[in-house]
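Undergrad: Here is a sequence together with a model predicted from it:
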Amino acid sequence: MVLRDGGRIVALDSTCTHAGGPLHEGSIENGCVTCPWHGSTFRLVDGSVVHGPASSPEPSYEARVQEGRIQLRARL
Ligand code: FES
C-alpha cells in the first residue's frame, strides 16, 4: 500500500505479517497503521511493530515522486 502521510509518501506491504490481514483496510493514526483483523500496529515510516500480536515488521519501501511518478525501492 502507498499513501501520503503528511508531506511524505510511505509504502508498506499490504498483507499483515501476523496472519495476512488487509493492512490497506486498516486505520491510519499518528504515523502508524493498525490492522483491522487483530489490531497489530506498524510504523508507516519503516514497518516496525509498535504492538502485536504481530512480532515481525511489515516490509517497507523507500518512496519518492520523480517526474510525477511514484518510485519505490526495497529497503536493504
Ligand atoms: S492479521 Fe493483522 S493483526 Fe492479525
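TA: Arrived safely.
Undergrad: how much space is there between the nearest residue to C32 once chain neighbours are set aside and A19?
TA: Using C-beta to C-beta, 6 or more residues apart in numbering and skipping the chain neighbours, the partner closest in space to C32 is T41 (5.0 Å). Heads up, the C-betas are built off the backbone N, CA and C, glycines and all. Note on T41: its distance to A19, by C-beta to C-beta, to the nearest Å, is 15 Å.
Undergrad: quick one, which of these two is more surrounded?
TA: T41 (18 against 12; other C-beta atoms under 10 Å).
Undergrad: hmm, back to that, so the residue nearest to C32 sits right up against P53, yeah?
TA: No. The pair T41 / P53 is not scored as a contact, 10.3 Å apart, by C-beta atoms under 8 Å.
Undergrad: Tell me the confidence at the residue nearest the centre of the chain?
TA: In the chain, the centroid-proximal residue (C-alpha atoms, centre = their mean) is L12; its distance is 3.5 Å. The model reports L12 with a pLDDT of 94.
Undergrad: quick one: contacts for it?
TA: M1, L23, V33, F42, L44, G47, E58, P59, S60, Y61 (C-beta atoms under 8 Å, 6 or more residues apart in numbering).
Undergrad: Report the beta-bridge partner residues of it.
TA: S60 (DSSP bridges).
Undergrad: what about it, distance to L72?
TA: 10 Å.
Undergrad: which neighbours do those two share?
TA: Joint contacts of L12 and L72 (C-beta under 8 Å, 6+ apart) are Y61.
Undergrad: and the lowest-mean-pLDDT helix or strand in the chain, which strands flank it?
TA: Within the chain, confidence by mean pLDDT, DSSP states H and E is lowest for strand 2-5 among all helices and strands, at a mean of 89. The pairing partners recorded for strand 2-5 under DSSP bridges are strand 8-12 (antiparallel).
Undergrad: Can you confirm whether the strand it pairs with lies near the ligand?
TA: No. Strand 8-12 does not reach the ligand (C-beta under 6 Å from any ligand atom); its nearest approach is 12.3 Å.
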